[in-house]
Every structure is written in C-alpha cells, then in structure tokens.
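**Q** Sharing a sequence plus its predicted fold:
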Amino acid sequence: MEYEAGEYRKLAVKQFPARSIRDTAEGKYWKQFKAPVFAKQFGPVSHIDFCEEYPYNFAVTASTRVLIYDGLSRQVKRTIARFKDVAYSGSFRQDGKLLAAGGQNGIVQVFDVNSRSVLRQLKGHQRPVHVTRFAPDKIHVMSGGDDVTLRLWDISSGKQVLRLTGHEDYVRAAAVSPSSSDTWASGGYDHTVKLWDVRSKSCTMSFDHGGPVEDLAYFPSGGLLVSAGGTNLCVWDLLSGGKLLRRLTNFQKTISCVRLSPLAGPDSAAAPRMLAGSLDGHVKIFELDDFKVTHASKYPAPVMSLGMSQDCSLLAVGMADGMLSVRKHAKPKVVQGSVGAGGQRRRRAPRLTAANFRFFLRGRTAKAAYGDVVVAARRRAHLQPYDRALRAFRYRDALNAALHSHRPDVVHSMLDELAARGGLHAALAGRDAASLLPLLRHLKRYITDPRHSSSLAGVTARVLDLYAPVIHTNEQVRWSEWLKQCAVVQVAEAVCWCADLLLWVAACAECIWCFLWSATPLAGADWYAGRVVISSLVPA
C-alpha cells in the first residue's frame, strides 16, 4: 500500500491575551502631542483662544493679564496688563490684529495686538463681563456678564448696538453660528441655552441644559450645538427645532470647557473631534459619529480652559493652579489656504507619480472583483529552525530552537505539540549542563506567569524527576535556586487538590439539595468533570 507524502503544517503558535491594551491609531495620534511646555501664570487660566491665522498665536487669560504666546516658539510674545482687576475671556479677532477682553469692573476693552494699546473701552455692563466674542464681520463684539444681559457693540463707533435680555442668572458662554453671522447662542447659570437673532433682537429658541452652562461650541456645519455644564455635554439639533440629540455623561466633575477641531485625528480618519475639559483633571476627545471617547488625558490639576490651533499642531490646556500646558504635534495638518512664514503658502504633499517608488506598489492590497481570474502564486514555505527540526522528528533540537527564540508563546506551543506527539520525554531527557540551563531559566522565569503555569508545572516536575540525582554534581546549575521551583510546584499541587476538594464538597451539597427538594440528581460523572480537569494539572 502506497502513501503520499503529506504537507508539513507549521507549528501553530498560541495567541495569549495581551497584558495591556494596545494603542489604536487614534490613541497613537493624540499621544504624539509631546514636548510639553509648562508655564506658571499669576492665577487660574480661565480662557485660551487661538488665532485663526498662521502662525496661530494664542491668548491666555489669567488673573489681571492677557498673555499672547507665539505659535511657533510657544513663548510669551506680548503681555497686556491694562486691567484694574481680574480679566476674562481674551479673544482674538479672526485676522489676529485685535483682541477683546472683559473685566471684573464691567468694561469691555479692545486692544491692538501689536502695540498693546487700548483702542476702545465699551461701557454698559453693570457687573463683571465673563465672555467676549468677535462677530464674523470683524467690526462687532458680543459680550455677556453677571448682569444677565448680552450686548452687541460696534467697535468702529464704540457704541452699543443692541441689548439682549432673557437670562435669569449669570451669562457665562456665547458663540456665533458658522452658517449665519446674525445667529448667536448663549448659556448661563440659569441652566438654559438660548439662540438669538440679532436682526429681530429676540430669542428664537431656548433649551434646558439641566445645569449651569459653562461653555458652548457650534459644529462646523452650524446645524448642531454642544453645551457644557455640570457633568453633562448636551448636543442639540438646531435644524430639528432644538431637539436633544445626545447627552454625554463621561465626567465626574463639572465640565469647564469644550472645543471642536475640524481636522483632528489620524490621517486615516481625519474628521472633526470634540475636546472637553473638566475639573476632575481630564481632557477627553470624542468622535462625532457615535460620540464615543477615543482618547483621554489626565492633568495634575482641575482643567479650566483648553484650545487647539487650526492645523492641530498645538494643544494648550489651562489649569486652576495657574499652570499652562502647551503640547506640540510632530505632524501638523495642512490647512487649505493657510499662509506660512514669509508669505509663502504651505507646501502640499507631493503628488504620486512614476518618479516615486510607491507609484509601482499601487493595487497590491486591492481585492479581486467578481469574475476576475486569480492566479495563486506558489511560494516556498519559510520554516523556522524549530519547525525544520520538528518536521524531521528531532524533538530535542526542536525544543532547543524554540528556547533560543526567546518567545514564551513559541516554547509553550512547542511543549504542547511534543506532549501531543508523545515526544516530551525524548526532548527533556539526555541533556548536559549546557543544554539544560536554557530550559531551567525559562521554567524559572515563566512558571509563575498565569498564562503558562498550567503547562510548565508538569514540565518542571518532570525535569526535577529526571535530573534530581545528578543536578547537584554540576557547578553551572545552581540547585539552591531550583529549590524555590520545587516549592512552587508543591504549592501548585496543594492548590489543585484544594480545588478538587471544593468541587467534591459542592457535589455533595447539590446531591443533598436535590434529595431535599425531590429533584433528580445529575450523573456522578458530571460531578467529577471539573475534578478530572484540575487533577490533570497536578504532576504525577
């Protein structure tokens, strides 16, 4: 009878659960914000605002000052200290030439960024002004404060254009719609979010956030609005009449700030991301499809403000203890129409042409369509040294090659394969000191690992039985160290027998229970199914 030669199957290396969760592409992207620059301010950092123009300078409001940082060097470029008391909400105009800020005295001031001179002092609020924002037309400023009013100012004339009333408590947040410069949103400590039409000078919508509102942010389309306050982030659908789309409860303490970045995330999934900071010291990033947290960072103090540049190269976080953290990303995004240093537009990524080697690698990952003829290329199987020895039934050499790979999963799989073939004794016996030492080192290192202890306990017992009479005769092998392993094996035996005893006691208890309740007990083999499994782990 003739037999055909079968094809050798490679050793199937077992996959063990990872000891730690591997980083996703999203997590790797946010972890690339490195080289943090920490700067101690004069007080809590209450507001951070990035300029929309290159090089994306940012204004930091802390105590009685507004500091302007350079977007390239991350160092203080200018300091505006024209405040008699605490300053609030230093915000850039879109072109970065002007800056507006409120104050404890109720005055809104407009500064020239280059000369730091006061261009306008807008007086009208009776109490501190906590929020100031420039309108898209660059000549109007919206302000809100503790006098529960919103006021729109014309900075060219320095006069108040309109006054919006409707809030019943302090106003703490304001944002203009990216789709309409006449639509504003405001939030206050009366738990409400209101939408205003400055043309009709009236409130068009009002939502109940469920807690004091700390910050607001529009989505890039202008159809959605997110409000932050308490421990909740509420996403409102403005096109559906203010329907609550999602309520996010991912924080333990008050959410102090929220921002939306249109280009954040890895290149493979670049899309708008929502960033939120809380007094619990966490900054969390949400993707906007399912509003799930994709990354979280822990800071040493409560987070009060945060901001991100337009090209996602800088991430600034302000804390309650006056510490400012500025992190820089190694690969900034390319912003359409952005102008770099020297008036030159930023260079885009090179086009893929035949001059690039990657041009000839196209289509390698493409899948065949229906009806295509696929020609399977026969490649010579590349075998590892332990596979070659195992194919030739050289079990000792196969185990030695697995040990030299320094991979515990390969050694574990090899021991199981040798046990299944009945060649474990041949692989372990007849070793000298030089070939025995790698095996002993492996057993000593991984026998206490829960992923490998079940199989290594029996192997250790066999090694001790084989070499106990002669192991003390060789100076290279330290018998004193392996007394510990004997103790480990004995402990493993004790644990297995204790578990065996517990299973037996549980079986007896269930028999008594079934008898008392006139139930039919299970077969005796079922009681000892677990006993047989555990007893098999005990070395003979």
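**A** Received, thanks. Keep in mind that this is a model prediction, so the values were computed, not measured.
**Q** all helices of the stretch 351-500 of the chain, in order?
**A** Using DSSP state H, counting those that start in this stretch, the helices of the stretch 351-500 of the chain run over residues 385-391, 395-404, 408-421, 424-428, 433-446, 453-467, 479-516.
**Q** Next, the angle from the fifth one to helix 395-404.
**A** Note on geometry: by axes from the mean of the first three to the mean of the last three Cα atoms, to 10 degrees, helix 433-446 and helix 395-404 are set 50 degrees apart in direction.
**Q** Could you list every helix and strand that helix 433-446 packs against?
**A** In terms of contacts (3 or more Cβ pairs under 8 Å, 6 or more residues apart in numbering; DSSP states H and E), helix 433-446 is packed against helix 395-404, helix 408-421, helix 453-467, helix 479-516. In this view, the C-beta of every residue, glycine as well, is placed from N, C-alpha and C.
**Q** So which residues make contact with the first one?
**A** Just to be clear, that refers to helix 395-404. In this structure, residues lying in contact with helix 395-404 by Cβ atoms under 8 Å, 6 or more residues apart in numbering are 384-387, 389-390, 410-411, 413-415, 418, 421, 423-424, 426-428, 430-431, 435, 438-439, 442.
**Q** Which positions within that helix qualify as buried?
**A** Judged by neighbour count using 16 or more other Cβ atoms under 10 Å, the buried positions of helix 395-404 are 395-403.
**Q** In which helix or strand does the residue sitting nearest the centre point of the chain reside?
**A** Nearest to the geometric centre of the chain sits H295, at 2.1 Å (Cα atoms, centre = their mean). Assessed by DSSP states H and E, H295 sits inside strand 293-298.
**Q** The residue nearest to the centre of the chain and H282 touch, don't they?
**A** No: H295 is beyond contact range of H282, at 10.6 Å (criterion: Cβ atoms under 8 Å).
**Q** show me the contacts for the closest residue to K97 other than its chain neighbours.
**A** Counting by Cβ to Cβ, 6 or more residues apart in numbering, V113 is the residue found nearest to K97 once chain neighbours are left out, at 5.8 Å. Listed by Cβ under 8 Å, 6+ apart, the contact partners of V113 are 68, 78, 92, 96-99.
**Q** which one of those residues has the most neighbours?
**A** Among those, L99 has the most neighbours (other Cβ atoms under 10 Å), with 26 neighbours.
**Q** where do the strands sit along the stretch 1-150 of the chain?
**A** 33-40, 45-50, 58-62, 65-69, 76-80, 87-92, 98-103, 107-112, 118-123, 129-134, 140-145, 149-154 (DSSP state E, counting those that start in this stretch).
**Q** now these as TSV including mean pLDDT and distance to D267?
**A** Shown next, in TSV, are the strands of the stretch 1-150 of the chain (pLDDT from 0 to 100; distance: least, Cβ to Cβ, whole Å):
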stretch	mean pLDDT	distance to D267
strand 33-40	87	15
strand 45-50	95	21
strand 58-62	95	24
strand 65-69	94	27
strand 76-80	92	31
strand 87-92	94	28
strand 98-103	94	33
strand 107-112	94	38
strand 118-123	93	42
strand 129-134	95	32
strand 140-145	94	36
strand 149-154	94	40
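**Q** of those, which approaches L352 most closely?
**A** L352 lies closest to strand 33-40 among the strands of the stretch 1-150 of the chain, at 28.6 Å (Cβ to Cβ).
**Q** Summarise which helices and strands the closest one is packed against.
**A** strand 323-329.
**Q** now the stretch 351-500 of the chain, which segments are flagged as low pLDDT?
**A** Scanning the stretch 351-500 of the chain for pLDDT under 70 picks out 368-371, 377-379, 471-500.
**Q** hmm, back to that, can you name the next helix or strand after the strand holding H295?
**A** Using DSSP H and E, the next helix or strand after strand 293-298 towards the C-terminus is strand 303-308.
**Q** Could I get the buried residue list for stretch 206-224?
**A** 207, 209-219, 224.
**Q** now the end-to-end length of that stretch.
**A** Start-to-end span of stretch 206-224 (Cα to Cα, to the nearest Å) is 14 Å.
**Q** burial of H406, as a residue count?
**A** Number of residues near H406 (other Cβ under 10 Å) recorded here: 10.
**Q** Next one: it relative to R391, how far apart?
**A** Distance, H406 to R391, using Cβ to Cβ, to the nearest Å: 22 Å.
**Q** next one: P128
**A** Plainly put, P128 is 81 Å away from R391 if you go by Cβ to Cβ.
**Q** So these two - more neighbours on which side?
**A** Taking other Cβ under 10 Å, P128 and R391 do not tie; P128 has more neighbours (18 against 14).
**Q** residues in contact with that one?
**A** 86, 88, 102-106, 145-146.
**Q** any idea how far G145 is from it?
**A** Distance, P128 to G145, using Cβ to Cβ: 6 Å.
**Q** anything in contact with each of the two?
**A** With Cβ under 8 Å, 6+ apart, P128 and G145 have common neighbours 102, 106.
**Q** ranges for the strands of the stretch 201-350 of the chain?
**A** Using DSSP E, counting those that start in this stretch, the strands found in the stretch 201-350 of the chain span residues 202-208, 215-218, 224-229, 232-237, 243-248, 255-261, 273-278, 282-287, 293-298, 303-308, 314-319, 323-329.
**Q** mind checking which of those is nearest Y56?
**A** Ranking the strands of the stretch 201-350 of the chain by distance to Y56, with Cβ to Cβ as the measure, places strand 314-319 first at 6.6 Å.
**Q** Direction included, what does that closest one pair against?
**A** Strand 314-319 has these partner strands in its sheet, going by DSSP bridges: strand 303-308 (antiparallel), strand 323-329 (antiparallel).
**Q** mind checking how far that strand is from the chain centre?
**A** Chain-centre distance of strand 314-319: 17 Å, with Cα atoms, centre = their mean, to the nearest Å.
**Q** how much does that strand deviate in direction from strand 45-50?
**A** 170 degrees.
**Q** As CSV, could you dump the C-alpha coordinates of strand 314-319?
**A** Taking only C-alpha atoms (Å, rounded to 0.1, in the frame of the first residue of the first chain), the coordinates of strand 314-319 have been written out as CSV:
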residue,chain,number,x,y,z
LEU,A,314,-0.7,72.8,19.3
LEU,A,315,-2.8,71.7,22.2
ALA,A,316,-3.0,74.2,25.1
VAL,A,317,-4.6,73.4,28.5
GLY,A,318,-5.1,75.8,31.4
MET,A,319,-5.5,74.6,35.0
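**Q** and it with strand 33-40, angle?
**A** Computed with the same axes, to 10 degrees, the direction of strand 314-319 lies at 40 degrees from that of strand 33-40.
**Q** Much appreciated, bye for now.
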